[in-house]
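Chemist: give me a model of this one.
(one chain, ligands or ions: 2)
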Amino acid sequence: MIAMTTMPPVAEIGRGPWPSAAWFGPGGEATLAGIPLVRLAERFGTPAYVLDETDVRLRCRAYRAALPKAEIAYAAKAFLCRAMADWVRSEGLSLDVCSGGELAVALSVGFPAERIIFHGNAKTPRELQAAVTGGVGRIVVDNIGEINRLAALVPFGRRQKVLVRVVPDIAAGAHAAVRTGREDQQFGLSIATGAAGEAVARVLAQPSLELAGLHCHLGSQITDAAPYEAAARVMVEQMARIRETHGVMLAELDLGGGHGIAYLQGERGLDLVDYAGRLTAAVEERCAGLGLRAPRLVVEPGRAISGPAGLTLYRVISVKKALNHTYVAVDGGMSDNPRHALYGSRYEVRVVGRRHQGGMRTMTVVGHHCETGDTIADDVPLPADVHPGDVIAVAATGAYHHSMASTYNLTGRPPVVAVGPDGARLLVRREEAGDLMGRDVGF
Ligand SMILES: Cc1ncc(COP(=O)(O)O)c(C=O)c1O
Ligand SMILES: N[C@@H](CCCC[NH3+])C(=O)O
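Modeler: Residues are numbered from 1 along each chain as shown. Ligands and ions are numbered 1, 2, ... in the order given. Model prediction:
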């Protein structure tokens, strides 16, 4: 457990793409929490995801400090394993899960079910049953049809708390594929079509359901607080309308996650202190204007908790000069990092562990999969003398990397290694050919 006194000021967390305890020396030395990255590559092999436990915990605490009255629910989709669930639990956060798998992991480490929020635009009957049986605190209703299905699953004498996910019709998010706050996409219930109002009325009519509040989620990798202020106002107005129509004052307002981080040196993520202040003020002002009691806020950061706490280590396999580019091919690729292929994402990349000669050159880091789109980092500065065997570190891969990894080309998924005050330890082991064949039962 990491003492509170070691915590840097809130404003310092979230600056830059590397974990706060990463250090790069003038001779190519690179350490994380004092451990050389090349030692981690030797001990655990490559590719490997490395996660700094202290950094994760400090980010959890920064959120709690910035929003002391709000409920902070870590979005498990960014990264979850049993240790991570336990860290988040012990830091007093809640957990947002969006699948039966995430729920099972959380419950397996004794995560308090009442602090779990279950999301999904297409929850299966099995997932709804698991959420109810597991005693999940709130289930977020995301389509009209699931209201009756859910109500029927709640045992006699119990009431299941739910939030209704509303579309605030606000555009925000780094890429079209991760914008969920506008009308005309598959998440949430539209105010414009009347679906949100209908869902509220139907939930209120179900004796086994308790409408705890409203939810919205704008999108992901948002670096400005303004869309959150706008969403807060829209949502408070919806709460006022519900009070007028049904005479019910909802207690909770969940404004989702989406808080952006820096992926590149010099980039800025969402400023947590600025966000917290402006969000709280927007909610309070709009509530005061409408004569409402301010609801309890819930926020659901994923990327901002685990993203910059993680990095990926690869080993260089080949360096190839093509007509206009130099390609540095590593032993991983789109199976452990699909984000360039999906969103054109850019990364901070360093060759670590040795002194270099010959200055820097612009190169492209690619993977070992059989597609030209298998790029990890386009046109990045790398040492001119980079060669096979070198270790490459890619920053800010603690969120949406392990959780989005695939076994494309029957490549096993990399391990997750934690570093912390007691050194390095394996959290998730490497997936081997035997694991992959273990599911292949038809031969
Ligand atoms: C409902 C919901 N909450 C929270 C998150 C977490 O988002 P992020 O990791 O961008 O903070 C997501 C994903 O974007 C989401 O869909
Ligand atoms: N997977 C996306 C974010 C999606 C967020 C989930 N709602 C990314 O890597 O940026």
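
Chemist: can I take it that Ala329 is in a helix?
Modeler: No. Counting by DSSP: H, G, I helix; E, B strand; the rest coil, Ala329 falls outside a helix, being strand.

Chemist: what sits opposite it in the beta ladder?
Modeler: With DSSP bridges as the criterion, Ala329 is bridged to Ser318, Val366.

Chemist: swap in Leu253?
Modeler: Residues in beta-bridge contact with Leu253 (DSSP bridges): Leu214, Leu297.

Chemist: quick one: contacts for it?
Modeler: Counting by CB atoms under 8 Å, 6 or more residues apart in numbering, Leu253 makes contact with Gly213, Leu214, Ala232, Met235, Val236, Met239, Val283, Pro295, Arg296, Leu297, Val298. For glycine as for every other residue, the C-beta is placed from the backbone atoms N, C-alpha and C.

Chemist: now Thr362. Nearest residue, chain neighbours left out?
Modeler: Among residues not flanking Thr362 along the chain, Asp379 sits closest, at 5.2 Å (CB to CB, 6 or more residues apart in numbering).

Chemist: what sits against that neighbour?
Modeler: Contacts for Asp379 (CB under 8 Å, 6+ apart) come out as His325, Thr362, Met363, Thr364.

Chemist: of these, grab the buried ones for ChimeraX.
Modeler: In ChimeraX syntax, the buried subset of the contacts of Asp379 is picked out as below (16 or more other CB atoms under 10 Å):
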select :363,364
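
Chemist: the residue nearest to Thr362 in helix, strand or coil?
Modeler: Going by three-state DSSP: Asp379 is strand.

Chemist: can you check Leu426 too?
Modeler: Here Leu426 is recorded as strand under three-state DSSP.

Chemist: bridged to it, which residues?
Modeler: Beta-bridge pairing of Leu426 under DSSP bridges involves Val417.

Chemist: you'd agree it is up against Ala83?
Modeler: No. Applying CB atoms under 8 Å, one finds Leu426 not in contact with Ala83, separated by 9.8 Å.

Chemist: so between the two, which is more surrounded?
Modeler: Ala83 (19 against 14; other CB atoms under 10 Å).

Chemist: residues in contact with Asn211?
Modeler: Small correction: residue 211 is Leu, not Asn. Per CB under 8 Å, 6+ apart, neighbours of Leu211: Val162, Leu163, Val164, Val200, Val203, Leu204, Val248, Leu250.

Chemist: so this structure: which segments form each domain?
Modeler: Listed by automatic domain parsing, the domain ranges of the chain are 4-50+309-438, 67-304.

Chemist: a markdown table for those domains, including distance to Arg57?
Modeler: A markdown table is the format used below for the domains of the chain (distance: least, CB to CB, whole Å):
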| stretch | distance to Arg57 |
| --- | --- |
| domain 4-50+309-438 | 9 |
| domain 67-304 | 6 |
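
Chemist: and these as a markdown table, adding mean pLDDT?
Modeler: Compiled in a markdown table, those are given as follows (pLDDT from 0 to 100):
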| stretch | mean pLDDT |
| --- | --- |
| domain 4-50+309-438 | 94 |
| domain 67-304 | 96 |
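
Chemist: which stretch among those approaches ligand 1 most closely?
Modeler: Comparing the domains of the chain against ligand 1 with CB to the nearest ligand atom, the closest turns out to be domain 67-304 (2.6 Å).

Chemist: no further queries at this time; thank you.
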